[in-house]
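Student: Would you be able to build a 3D model of this:
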Amino acid sequence: MPFVNIRINEGHSRERKDEIARRVVEAINDVTEIPKESIWVVFEDVSKDDWYVGPKRVSQMKKG
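Tutor: Next up is the predicted model:
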C-alpha cells in the first residue's frame with residue numbers, strides 16, 4: 001500500500017488538506033490502479049520556526 005507523508009507549514013485549513021489528499025490519492029490511483037482505500041496520506045504540520053531553507057527559518061523569509 002502506498003504511504004504518502006506530506007510535510008507542510010502549519011496553518012492550512014482542513015478543506016485545503018482534504019483537497020490535497022484527494023488529488024494525491026487520485027493521481028496514485030490513476031497511475032497504479034491501486035484501490036483508493038489502500039492509499040494512505042498523512043500530513044505533518046511544521047511550524048515556520050522549525051522549517052529551514054538553507055540557513056534561514058521560513059518565518060524569517062516571510063518577513064521580507
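
Student: what is the rounded mean pLDDT of stretch 11-19?
Tutor: For stretch 11-19, the mean per-residue pLDDT is 97.

Student: next one: that stretch to chain centre, how far?
Tutor: Counting by CA atoms, centre = their mean, to the nearest Å, stretch 11-19 is centred 10 Å from the centre of its parent chain.

Student: Could I have the CA atoms of that stretch written out in PDB?
Tutor: Extracted C-alpha coordinates of stretch 11-19, given in PDB (Å, rounded to 0.1, in the frame of the first residue of the first chain):
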ATOM      1  CA  GLY A  11      -1.900  26.900   9.300                       C
ATOM      2  CA  HIS A  12      -3.500  25.300   6.200                       C
ATOM      3  CA  SER A  13      -7.200  24.600   6.500                       C
ATOM      4  CA  ARG A  14      -8.800  21.200   6.800                       C
ATOM      5  CA  GLU A  15     -10.500  21.900   3.500                       C
ATOM      6  CA  ARG A  16      -7.200  22.600   1.800                       C
ATOM      7  CA  LYS A  17      -5.700  19.400   3.200                       C
ATOM      8  CA  ASP A  18      -8.800  17.400   2.200                       C
ATOM      9  CA  GLU A  19      -8.300  18.700  -1.400                       C
END
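
Student: tell me, how many neighbours does residue 39 end up with?
Tutor: 19 (other CB atoms under 10 Å). Bear in mind the C-beta positions are built from the backbone N, C-alpha and C, glycine included.

Student: wait, what's in contact with it?
Tutor: Contact analysis of residue 39 by CB atoms under 8 Å, 6 or more residues apart in numbering lists 1-2, 4, 24-25, 28-29.

Student: could you flag which of these are buried?
Tutor: Buried members of the contacts of residue 39, counted by 16 or more other CB atoms under 10 Å: 25, 28-29.
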